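# here is my input, please return the structure:
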Amino acid sequence: MPTKEPLVLIINGSPKEDGRTDFLTDRAYEGVNRVTGVRCEVIFLRDEKLPPFNGELDIKPQDGCLRVVELIREADGVIFVSPTYWFTYSSLIKNLVEIITCLDEDNYAMAGKVAGVFACCDEDGASRACIDLIGTLVMMGFTIPGHAGFFYNKGSAPYSENNWQNKDHRMVGELVARFVLLCLKYLKSAP
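You can find the predicted model right below:
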């Protein structure tokens, strides 16, 4: 029986279509697909209509969330893409992070999964949103490779040194996918 290719899941946390968050989602998808041996799926949280987190810290996903929770459980890597509102990631991402606490309660099911983060903004706050989300994901057990946290600031992007904000976003998806393969190869060879 052939084994499935590792899965990198991209989660878009923007409530609106066709903005910078969708643009960054497309760049992450392109990056993942540059790596042979990895498959990629995209979830748009705006289409999932997840209920608000019910506050129950249980290993069973709450009603209405099973599909997304199970995709995250299956994934070897997850890339979170979010707009920035008031110096933090979107409420859709925040709600999802609270919902997937059930995976943390379920014998640390996210331990060892690879993650990347994109945050974008019009004026300021994306770097903080990125750092805040990375901190939470690390506490949940995710592994974040270097350069897999990226922020895009519409106001400063054209003036970024060597135009890095308009170039470097292309590497996050590829980095996460390559790190997934590296981690899986290591785990297979570990005693």
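# hey, let's count contacts and neighbours off CA atoms from now on
Noted.
# list the buried residues for the helix or strand hosting Gly31?
Element membership for Gly31 (DSSP states H and E) is helix 20-33. For helix 20-33, the neighbour count (16 or more other Cα atoms under 10 Å) marks 20-22, 24-33 as buried.
# residues contacting that helix, please?
Outside helix 20-33, the residues that touch it by Cα atoms under 8 Å, 6 or more residues apart in numbering are 8, 10, 12-14, 38-40, 42, 79, 81-83, 118-120, 169-177.
# output it as CSV, nothing but the C-alphas.
Taking C-alpha atoms only, helix 20-33 is exported to CSV below (Å, rounded to 0.1, in the frame of the first residue of the first chain):
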residue,chain,number,x,y,z
ARG,A,20,-3.2,40.8,0.9
THR,A,21,-3.9,37.7,3.1
ASP,A,22,-5.1,35.8,0.0
PHE,A,23,-2.1,37.0,-1.9
LEU,A,24,0.2,35.7,0.9
THR,A,25,-1.8,32.5,0.9
ASP,A,26,-1.1,32.1,-2.8
ARG,A,27,2.6,32.7,-2.2
ALA,A,28,2.7,30.1,0.6
TYR,A,29,0.9,27.6,-1.7
GLU,A,30,3.4,28.2,-4.5
GLY,A,31,6.3,27.7,-2.1
VAL,A,32,5.0,24.4,-0.8
ASN,A,33,4.4,23.2,-4.3
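# any chance you could map the strands in this structure?
7-12, 39-44, 77-85, 88-89, 114-121, 149-153 (DSSP state E).
# want to throw those strands into JSON lines with distance to Gln62?
Shown next, in JSON lines, are the strands of the chain (distance: least, Cα to Cα, whole Å):
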{"stretch": "strand 7-12", "distance to Gln62": "19"}
{"stretch": "strand 39-44", "distance to Gln62": "18"}
{"stretch": "strand 77-85", "distance to Gln62": "20"}
{"stretch": "strand 88-89", "distance to Gln62": "22"}
{"stretch": "strand 114-121", "distance to Gln62": "23"}
{"stretch": "strand 149-153", "distance to Gln62": "29"}
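# could you dump those into JSON lines with mean pLDDT added?
Shown next, in JSON lines, are the strands of the chain (pLDDT from 0 to 100):
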{"stretch": "strand 7-12", "mean pLDDT": "97"}
{"stretch": "strand 39-44", "mean pLDDT": "97"}
{"stretch": "strand 77-85", "mean pLDDT": "95"}
{"stretch": "strand 88-89", "mean pLDDT": "92"}
{"stretch": "strand 114-121", "mean pLDDT": "91"}
{"stretch": "strand 149-153", "mean pLDDT": "78"}
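# can you tell me which of these is nearest to Leu71?
Nearest to Leu71, of all those, is strand 7-12, at 7.7 Å by Cα to Cα.
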